[in-house]
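build the 3D model from these lines:
(chains A and B)
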Amino acid sequence: MYNFLIGIGTILGFIFLDREISKSSISFKLHNKIYYSLIIALLACFAGAKIFEMVYHNTPFTFDNFMSGGFTFLGGLITGVVFYISSALLFGIKLNIAVNIAVPYLALAHAFGRIGCFLGGCCYGRPTDSIFGVLFPEGSLPAQHFGSHTHLHPTQIYESVGLFLIFFCLIRFVKFNNRIWFYLVSYGTIRFVVEIFRADDRGSIITDIISPSQIISLVFIIVGVIAFLFEKRRVTSVVD
Amino acid sequence: MSQVKGTSSAPLIMGIIGGVIGLPSALCSGVCGAAVGSALSASANEAAYSSELSEETINQIAETASAGGNAMLALGIIAVVLGIIGGVMGKNKPSVAGGLLMGAAVLSLIPVFMGNLLSFVVFVLFLIGGIISFTQKKVAINE
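The predicted structure is shown next:
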């Protein structure tokens, strides 16, 4: 289900992206270059997500483990971004345009992917007695861990709702040049908080106090703040 | 020479959905390929009928099975990659996209003969995407 839902998110992302580019002054040649970069990023994303999952869980790097293992979104995101920026620079696309045009649709695809996680039963939350608690069916991953009668935080839905909100804000309220830092700060914050409620095996890097995803979320927030300061300085110098 | 752009989102939809279904299908192809490989290898060995399998024979069967499985898996993955690329390029480069989707469709058809019925669904999706990519209404880009 995860693959299917993220596929739907990717389709909608491309449809909305195409609509935004058509309404903008971006030339057809530049449009093509953006798409070539996105294709490279998309393929790198899948490979990166698989590789990061193996790193987090110290799984031996074999082809069988690569094909049978799960995905780590942040790993896919980092790999995809590195390849996207590299190919955008190679194709001569301005970094500002390349990054800010794709960010909302990344959030949209990810939001759908999280719904897929919920339907697939992965990335589940801790037990709770709150009204948000959900029961997972017998045989699912959460039920194997906590039993099928324990209500758990639907952390996948929390994150999905957050991502849909981020997408909506990015296309409606946030100025084009501010999209990247807004995404990094807001997604980093949401992810850091949601991780507190998660109960699946998070793996560990450097420390066991916070999860690898929380470490990456903190990096996102720091990079987002730096990007905001750069943009503010750029706007101030243009005004002067 | 004026450039043309497609107007249909169907190649994108077919390419991406075919790609995401194609991934588990490629895994199934690997299993089916291994099963066919081991059956072929076992049937070629007369000892299999007398149920006296030497260690060498078993290793030979396992190697053939592994090779068959890996070949089908690789075929499935190549088809998925071609299908996704073709789908994304469906509007901007309709003819190229059509070619890629048709190629992906052909590659997806091969595992069907190994017993992988999911691959048939992938084949149909890529085929429809490829046909629509070639036949969709195109508009000229004036730049």
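
and the residue in chain B positioned nearest to chain A, how many neighbours?
Of all residues in chain B, the one sitting closest to chain A is residue B:20 (3.6 Å; CB to the nearest CB). The way it works is simple: take the backbone N, C-alpha and C, and place the C-beta from them, glycine included. When neighbours are counted by other CB atoms under 10 Å in any protein chain shown, residue B:20 registers 24.

surely it is in contact with residue A:3?
Yes. Using CB atoms under 8 Å, residue B:20 is in contact with residue A:3, at 4.2 Å.

now chain A, which segments are flagged as low pLDDT?
Of all residues in chain A, those with pLDDT under 70 make up the ranges A:62-71, A:201-207, A:238-240.

which residues of it lie near chain B?
By CB under 8 Å from any CB of the partner chain, the residues of chain A that approach chain B are A:3-4, A:6-7, A:10-11, A:14-15, A:18, A:27-29, A:31-32, A:35, A:38-39, A:42-43, A:67-68.

show me which of these are buried.
A:3-4, A:6-7, A:10-11, A:14, A:18, A:28, A:31-32, A:35, A:38-39, A:42-43 (16 or more other CB atoms under 10 Å in any protein chain shown).

which helix or strand contains the residue nearest the centre of chain B?
Nearest to the geometric centre of chain B sits residue B:108, at 2.8 Å (CA atoms, centre = their mean). Using DSSP states H and E, residue B:108 sits in helix B:94-109.

so which bits of that helix are buried?
For helix B:94-109, a neighbour-count test (16+ other CB under 10 Å) marks B:94, B:97-105, B:107-109 as buried.

distance from it to the middle of the chain?
Centroid separation between helix B:94-109 and its chain, computed with CA atoms, centre = their mean, to the nearest Å, is 10 Å.

for chain B, what lies in contact range of chain A?
So chain B meets chain A at B:3, B:5, B:9, B:12-13, B:16-17, B:19-21, B:23-24, B:27, B:30, B:73, B:81, B:84-85, B:88-89, B:91-93, B:141, B:143 (CB under 8 Å from any CB).

sitting in helices, which of the residues you listed do you find?
Among the residues of chain B next to chain A, DSSP state H puts B:12-13, B:16-17, B:19-21, B:23-24, B:27, B:30, B:73, B:81, B:84-85, B:88 in helices.

for the buried residues of helix B:94-109, which one is nearest residue A:100?
Closest approach between the buried residues of helix B:94-109 and residue A:100, by CB to CB: residue B:97, at 26.2 Å.

show me what contacts that closest one?
Applying CB atoms under 8 Å, 6 or more residues apart in numbering or on different chains, we find residue B:97 in contact with B:6, B:11, B:15, B:86-90, B:130, B:133.

report the two of those separated the most.
Across these, the longest distance by CB to CB is 13.8 Å; it joins B:88 and B:130.

and the residue nearest the centre of chain A?
Residue closest to the mean C-alpha point of chain A, counted by CA atoms, centre = their mean, is residue A:110 at 5.2 Å.

which SSE is the residue of chain A found nearest chain B in?
Residue nearest to chain B within chain A: residue A:7 (3.6 Å; CB to the nearest CB). Per DSSP H and E, residue A:7 falls inside helix A:2-23.

show me where chain A has helices.
Per DSSP H, chain A carries helices over the ranges A:2-23, A:28-56, A:63-68, A:73-90, A:95-120, A:141-146, A:155-172, A:179-196, A:212-239.

burial count for residue A:109?
Residues near residue A:109, counting by other CB under 10 Å, number 23.

flag the shaky bits of chain B, pLDDT-wise.
Scanning chain B for pLDDT under 70 picks out the ranges B:1-2, B:33-34, B:36-55, B:58, B:143.

list the contacts of the residue nearest to the residue of chain B closest to chain A when sequence neighbours are not counted.
Counting by CB to CB, 6 or more residues apart in numbering or on different chains, residue B:20 lies nearest to residue A:7, which is 3.6 Å off, once chain neighbours are set aside. Neighbour list for residue A:7: B:16-17, B:19-20 [criterion: CB under 8 Å, 6+ apart].

likewise residue A:40?
Each residue near residue A:40 by CB under 8 Å, 6+ apart is listed here: A:83-84, A:87.

for residue B:114, state which of the residues you listed is nearest.
When the contacts of residue A:40 are compared for distance to residue B:114 (CB to CB), residue A:83 wins out at 33.0 Å.
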